[in-house]
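**Q** After the sequence you'll find the predicted model.
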Amino acid sequence: MAGMRAEPGRRLERALAWAIRNSDGVVAFTGAVVVGVLDLLGDVVPERVVSGATLLVLAALVYGTLADRRRRAADIQDAMAGTRRALEDMTAIRELAGSEVEQALARARQNTDRWVFKGGTGTYLRAVTLPECVREAQHRRRALTVKIDIVHPADERACRAYARFRQSFGRPSDGEPWTTGRTRKESLATVLAACWYRQRLDTLEIDVHLSSVVPTLRYDLSASCAIVTQDDPSRVSLYVEKGRPLYDYYVTDLHHYREQAVKLDLRDAEPLGDEPTVDEVRRLFDRLGLPLPTDLTDRDVGDVVDKALRAENPYRR
């Protein structure tokens with residue numbers, strides 16, 4: 001019985017809600033009915049009353065038309081706002097392929113005062129990122145903070161594992177096969193480059209961390225974005241704009257990785273000339289607590305110097 005009594009109440013509520021939503025139509029319809037009745041009554045009702053009712057109907061129709069236009073305009077604005085948000089999301093997090101990767105890295109270097117890198121041995125870091133960022137910092141007379149996390153060159157197991165990982169992509173474009181020895185020299189070259197640039201820019205704060213965990217991805221974070229790439233250039237890369245949660249996740253994750261790696265103290269590194277000699281390089285690594293292996297010949301040390309200061313851009317091969 002209670003349910004039966006509640007049903008008419010609910011119907012009345014629905015009817016009132018419908019009437020409110022369609023008030024313009026209700027007013028126009030009611031006015032039209034009134035005008036029709038007045039017209040049937042003929043001379044009984046004064047003509048001015050009929051004219052007034054007619055004007056009321058016309059006003060209701062105009063009101064209804066304007067209200068409909070407002071609703072349509074609001075719908076269009078909502079649709080445009082949704083489109084803008086979708087476009088912003090597309091540009092904030094997107095895939096990169098081919099030449100887009102280097103273009104994104106170039107934009108990331110513009111006006112940045114920091115750079116965080118985690119990867120294998122840092123070839124592109126040596127070839128482009130470090131020299132370009134240092135040059136920009138010198139030009140703008142500002143500080144630059146760089147944090148680097150690469151494979152530990154003294155960890156033979158890690159170097160061997162990374163070499164196997166790189167070999168899985170086939171023969172490298174530079175013709176030099178990836179071996180344990182090459183991995184070791186490439187990592188040493190990144191350490192040497194960090195020390196060399198640090199001594200040429202007083203406002204450069206640079207940290208190098210050596211990891212025994214072999215990475216499969218490369219992370220480059222600037223003040224504006226994060227770019228995640230792979231050693232296989234045919235694979236799709238990822239661009240994440242700062243301000244997105246994923247950017248913050250990468251910042252936290254990379255900090256966690258560095259906490260587990262070995263940090264080198266570069267403050268008392270051996271002074272290096274514009275073209276470091278073999279003896280300077282050997283003394284440098286001794287003072288860093290990372291003495292060069294006895295099987296590393298003077299020619300090998302010369303290769304490390306070349307890789308440190310004259311690395312070839314891997315995206316230009």
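**A** Perfect, thanks for sending it.
**Q** model confidence over stretch 299-309, on average?
**A** Stretch 299-309 comes out with an average pLDDT of 97.
**Q** Equivalent analysis for stretch 110-121, please.
**A** Mean pLDDT, stretch 110-121: 95.
**Q** same thing with stretch 93-103?
**A** 90.
**Q** how about it: buried residues?
**A** 93, 96, 101, 102 (16 or more other C-beta atoms under 10 Å). Backbone N, C-alpha and C define where each C-beta goes, glycine included.
**Q** Would you list the phi and psi of the second one?
**A** This points to residue 96. Per-residue torsions, residue 96: phi -120, psi 140 (degrees, to the nearest 10).
**Q** does it really touch residue 107, like I thought?
**A** No. Using C-beta atoms under 8 Å, residue 96 is not in contact with residue 107; the gap is 11.2 Å.
**Q** And this structure, what are its domain boundaries?
**A** For the chain, automatic domain parsing gives the domain ranges 2-92, 97-316.
**Q** Mind checking which of the buried residues of stretch 93-103 land in strands?
**A** Of the positions in the buried residues of stretch 93-103, 93, 96 sit in strands, assigned by DSSP state E.
**Q** What ranges does the stretch 151-300 of the chain have for its helices?
**A** 156-167, 180-198, 245-259, 278-287, 298-309 (DSSP state H, counting those that start in this stretch).
**Q** Make a markdown table from the ones you listed and add mean neighbour count and distance to residue 138 to it.
**A** Putting those into a markdown table (neighbours: other C-beta atoms under 10 Å; distance: least, C-beta to C-beta, whole Å) gives the following:
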| stretch | mean neighbour count | distance to residue 138 |
| --- | --- | --- |
| helix 156-167 | 18 | 33 |
| helix 180-198 | 24 | 10 |
| helix 245-259 | 14 | 26 |
| helix 278-287 | 17 | 23 |
| helix 298-309 | 18 | 17 |
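**Q** how long is stretch 253-267 from one end to the other?
**A** 26 Å (C-alpha to C-alpha, to the nearest Å).
**Q** and that stretch, how far out from the chain's middle?
**A** 22 Å (C-alpha atoms, centre = their mean, to the nearest Å).
**Q** lowest-confidence stretch among the domains of the chain?
**A** Minimum mean pLDDT among the domains of the chain: domain 2-92, a mean of 57.
**Q** Dig out what the residue nearest the centre of the chain forms beta bridges with.
**A** Nearest to the mean C-alpha position of the chain, by C-alpha atoms, centre = their mean, lies residue 240 at 1.3 Å. Under the criterion DSSP bridges, residue 240 forms beta bridges with residue 93, residue 226.
**Q** a markdown table for the helices of the stretch 151-300 of the chain, including distance to residue 11?
**A** Output for those, formatted as a markdown table (distance: least, C-beta to C-beta, whole Å):
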| stretch | distance to residue 11 |
| --- | --- |
| helix 156-167 | 71 |
| helix 180-198 | 77 |
| helix 245-259 | 47 |
| helix 278-287 | 87 |
| helix 298-309 | 83 |
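**Q** which stretch among the ones you listed comes nearest residue 236?
**A** Closest of these to residue 236 is helix 245-259, at 15.6 Å (criterion: C-beta to C-beta).
**Q** Which residues outside that closest one are in contact with it?
**A** Under the contact criterion C-beta atoms under 8 Å, 6 or more residues apart in numbering, helix 245-259 has outside partners 93, 116, 118, 147, 149, 207, 209, 211, 213, 219, 221, 225-226, 228, 240-241.
**Q** repeat that with 6 Å
**A** Residues outside helix 245-259 that contact it (C-beta atoms under 6 Å, 6 or more residues apart in numbering): 116, 118, 149, 209, 226, 240.
**Q** wait, residue 223 sits on residue 114?
**A** Yes. With contact taken as C-beta atoms under 6 Å, residue 223 and residue 114 are classed as touching, separated by 5.5 Å.
**Q** Tell me how far residue 128 lies from residue 276.
**A** Distance of residue 128 to residue 276, computed by C-beta to C-beta, to the nearest Å: 20 Å.
**Q** If you count surrounding residues, which of those two has more?
**A** Using other C-beta atoms under 10 Å, the more surrounded residue of residue 128 and residue 276 is residue 276, with 23 against 20.
**Q** Spatially, and excluding backbone neighbours, which residue is closest to that one.
**A** residue 305 (5.5 Å; C-beta to C-beta, 6 or more residues apart in numbering).
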